[in-house]
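Undergrad: Starting from these lines, generate the structure:
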Amino acid sequence: MLTSVLRGLAATALAVLPLTVPAPAHAAETLPLAEAVTRLPVDTESRDGYSRDAFRHWNTGNDPSDGCNTRAEVLLAEAVEPPVVGPGCRLSGGRWWSYYDQVWVTSASGLDIDHMVPLAESWDSGASGWTARRREAYANDQGADASLVAVTARSNRSKADQDPAQWLPPAAGVHCRYVAEWVATKLRWSLAADEAEVAALHETAAGCPDQSVTYEPAA
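TA: Down below sits the predicted model:
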C-alpha cells in the first residue's frame, strides 16, 4: 500500500514539474544572414531630438566593484594579451586586434569602443522612444559580444554614425562578419532599418551564403 502511495506521489510530482519550471524568457536564435535581414522591421528614420547625452555611458560596467567602467571592461574582455590593471583601472601594456582594419594595437589609448549600431543610428531606429534606463543599458551592453567592439580610433571615427549603406570596414574580408553583427545587434534590441540600409544588407548577405547570425533579445 505504501509503495503504491509513493508511486502516486512521484507521478503527481512529475506531472506538475513542467508547470513549475519557468521557460527561458529570452532564448538565443541562430539563422542564416540572408534570413536574419528579412526579420528586421523596415521603417523610416528620424534623428529629431537626438543628443548623445541621452545615452549614459560609460557606466560602472558589469562589475561595479572592480573599479573599471564599461570601456575598460570591454578592453579587458577583448585583449589578446591582457594588460596590467593599475590603480583606478589604469591599463598598461596588452595587445588587441582591431578587426575592422586588421591592425594590432598595443596601447589602450589607441582604441575606441565602437557601438556596433551607433547611438545616433539606434535613436533613428527606435531608441528615441525608450526610457533613459533602457538607453543606458544599450550604450553599455556587454550581454552580447557584438554590441561593443574595441577597434582603432581611426576606423571608429571613419565609421562615425553611418549604417552599412554608407560605410563598411576597410578590410573587405570582414564584411560578412560585420553585417552579421550589425543585424544581430538590431534584432537583439528590436531596432528598425530603413530601405537603403536593408538593400545594402541584402546585397552583402548575398555574398555571404555561409554566414549565420546569432542573437538573444535584450531584457
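
Undergrad: contacting residues around R95?
TA: By CB atoms under 8 Å, 6 or more residues apart in numbering, R95 lies in contact with 79-81, 104-106. From N, CA and C alone the C-beta is placed, and that goes for glycine too.

Undergrad: Okay, and which of those map to strands?
TA: By the criterion of DSSP state E, membership of these in strands covers 104-105.

Undergrad: Quick one, which of the contacts of R95 are buried?
TA: 79, 105 (16 or more other CB atoms under 10 Å).

Undergrad: Export the contacts of R95 to JSON lines and append columns for distance to E181 and pLDDT.
TA: Below are those laid out as JSON lines (distance: CB to CB, whole Å; pLDDT from 0 to 100):
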{"residue": "A79", "distance to E181": "19", "pLDDT": "98"}
{"residue": "V80", "distance to E181": "18", "pLDDT": "98"}
{"residue": "E81", "distance to E181": "23", "pLDDT": "98"}
{"residue": "W104", "distance to E181": "20", "pLDDT": "98"}
{"residue": "V105", "distance to E181": "19", "pLDDT": "98"}
{"residue": "T106", "distance to E181": "24", "pLDDT": "97"}
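
Undergrad: In this protein, where is pLDDT below threshold?
TA: Scanning the chain for pLDDT under 70 picks out 1-26.

Undergrad: Tell me the spatial nearest neighbour of the residue nearest the centre of the chain, not counting adjacent residues.
TA: Residue closest to the average C-alpha location in the chain (CA atoms, centre = their mean): S147, at 2.1 Å. Take S147 and drop its neighbours on the chain: the residue closest to it by CB to CB, 6 or more residues apart in numbering is D141, 4.0 Å away.

Undergrad: same thing with W97?
TA: V80 (5.6 Å).

Undergrad: Might you report the residue contacts of that neighbour?
TA: By CB under 8 Å, 6+ apart, the neighbours of V80 are 95-97.

Undergrad: For those, please prepare JSON lines with the additional fields secondary structure.
TA: As requested, the contacts of V80 are exported to JSON lines (DSSP: H, G, I helix; E, B strand; the rest coil):
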{"residue": "R95", "secondary structure": "strand"}
{"residue": "W96", "secondary structure": "strand"}
{"residue": "W97", "secondary structure": "strand"}
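
Undergrad: same for the helix or strand hosting V198, what does it pack against?
TA: Element membership for V198, per DSSP states H and E: helix 195-206. Contact analysis of helix 195-206 by 3 or more CB pairs under 8 Å, 6 or more residues apart in numbering; DSSP states H and E lists helix 33-38, helix 175-188 as its packing neighbours.

Undergrad: Ranking those by mean neighbour count, which comes first?
TA: helix 175-188 (a mean of 23; mean count of other CB atoms under 10 Å).

Undergrad: which other helices and strands contact that one?
TA: helix 33-38, helix 195-206, strand 212-215.

Undergrad: Make CSV from these and add distance to S122 to it.
TA: Formatted as CSV, these follow (distance: least, CB to CB, whole Å):
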stretch, distance to S122
helix 33-38, 18
helix 195-206, 13
strand 212-215, 15
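
Undergrad: Can you check which of these gets nearest to A171?
TA: Ranking the helices and strands packed on helix 175-188 by distance to A171, with CB to CB as the measure, places helix 195-206 first at 13.8 Å.
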